[in-house]
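**Q** Okay, predicted coordinates and the sequence, questions at the end:
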Amino acid sequence: MKCLILAAGYATRLYPLTENFPKPLLKVVDKTILDWLVDDIDGAKLVDEFVVISNHKFAKHFEEWAATKEQKITVVDDGTSTNETRLGAVKDIQFAIEQLGLDDDMLVIAGDNVLDFSLQKFVRYAVEKQTSCILRYYEPEEKKLLKSGVVTIDEDDRVLRMTEKSPNPETHWCCPPFYYYTREDARLVQAGIDAGCGTDAPGSYFAWLCTQVPVHAMEMPGQRYDIGDINSYKEVQETYHGIKKEF
């Protein structure tokens, strides 16, 4: 299994912190955001390579970080240098697949989120389901639903529909940027792009994929900290206590 880490954004809302430094390498407590994610996932011993998808502006930062890690980490430079010319998450995924000739099951995650639970449980859930899978959490605030991917599920966790930033969300189940692709479904990313799925938000591919094949959604067993601006970064620094062992 490969783990693709989406890290090609420019985090303009965090300027000046991220004007010349990538958001995923900001420290939260005593580790970078990427260290929290990679070290946790590696504990399951199911991922044999981590692939960090970067833009050209920050690729060297990620290469220097990767050189300090014990895990096999490959950095892919998507060639973009500005927020205006970014490829978008789905095209970045396909770019990495083509550049590295990837043909495997894939865990695809945003490199700028901090979690208080282990993603190992999600990986094992997906392996057990033998389908592509997403995470879901209940979001009570309608204002936040309008800015998110929202899923409708049946009693067996199967995704019936998924929409990105819909003006009329069907449910309160939100989808954070953590996904599992089966090998077969990873081969369909270009088909999804060709069919017109959105390419900016990573969930857009899953909104298309769930109309083609079975997709399941596991309820998130803890909290996700989305670092969107300076204030949210300061708040995480003050409140985050690491990954809870019971998860």
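**A** Yes, it's here. Numbering: from 1, shown residues only.

**Q** Buried residues in stretch 175-186, which are they?
**A** Of all the residues in stretch 175-186, those buried under the rule 16 or more other C-beta atoms under 10 Å are 175-182, 185-186. All C-beta spots, glycine's among them, are computed from the backbone N, C-alpha and C.

**Q** Can you show me the CA trace of that stretch as CSV?
**A** Provided in CSV are the C-alpha atoms of stretch 175-186 (Å, rounded to 0.1, in the frame of the first residue of the first chain):
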residue,chain,number,x,y,z
CYS,A,175,-16.2,14.0,4.8
PRO,A,176,-12.7,15.1,5.9
PRO,A,177,-9.7,14.8,3.5
PHE,A,178,-8.7,11.2,4.3
TYR,A,179,-9.4,8.5,1.7
TYR,A,180,-8.6,4.9,0.8
TYR,A,181,-8.5,3.8,-2.8
THR,A,182,-8.4,0.2,-3.8
ARG,A,183,-5.9,-0.6,-6.5
GLU,A,184,-8.7,-1.0,-9.0
ASP,A,185,-10.2,2.4,-8.1
ALA,A,186,-6.9,4.2,-8.1
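
**Q** Which residue is the nearest non-sequential neighbour of residue 82?
**A** residue 10 (7.3 Å; C-beta to C-beta, 6 or more residues apart in numbering).

**Q** how many neighbours does that neighbour have?
**A** 20 (other C-beta atoms under 10 Å).

**Q** and it, that's in a helix?
**A** No. Using DSSP: H, G, I helix; E, B strand; the rest coil, the assignment for residue 10 is coil, not a helix.

**Q** pretty sure it is in contact with residue 56, am I right?
**A** No. Using C-beta atoms under 8 Å, residue 10 is not in contact with residue 56; the gap is 11.3 Å.

**Q** give me the element the residue located most distally from the centre of the chain is part of.
**A** For the chain, the C-alpha farthest from the mean C-alpha position belongs to residue 155; by C-alpha atoms, centre = their mean, that distance is 25.1 Å. Under DSSP states H and E, no helix or strand contains residue 155.

**Q** any idea how far it is from residue 216?
**A** 12 Å (C-beta to C-beta, to the nearest Å).

**Q** Now stretch 239-247: buried residues?
**A** Those would be 240, 243, for stretch 239-247 by 16+ other C-beta under 10 Å.

**Q** One more: stretch 128-144?
**A** For stretch 128-144, by 16+ other C-beta under 10 Å, it's 129, 131-137, 139.

**Q** residues in contact with the lengthiest helix in the chain?
**A** Longest helix in the chain by number of residues, with DSSP state H as the criterion: helix 89-100. With contacts defined as C-beta atoms under 8 Å, 6 or more residues apart in numbering, helix 89-100 is touched by 4, 6, 8, 51, 53, 74, 76, 78, 87, 102, 108, 177, 186, 189-190, 192-193, 197-202, 204-205.

**Q** helices and strands around whichever helix or strand comes after it, which ones?
**A** On the C-terminal side of helix 89-100, the nearest following helix or strand under DSSP H and E is strand 106-110. In terms of contacts (3 or more C-beta pairs under 8 Å, 6 or more residues apart in numbering; DSSP states H and E), strand 106-110 is packed against strand 2-7, strand 178-181.

**Q** List the strands paired with strand 106-110, with their directions.
**A** According to DSSP bridges, strand 106-110 forms sheet pairs with strand 2-7 (parallel), strand 178-181 (antiparallel).
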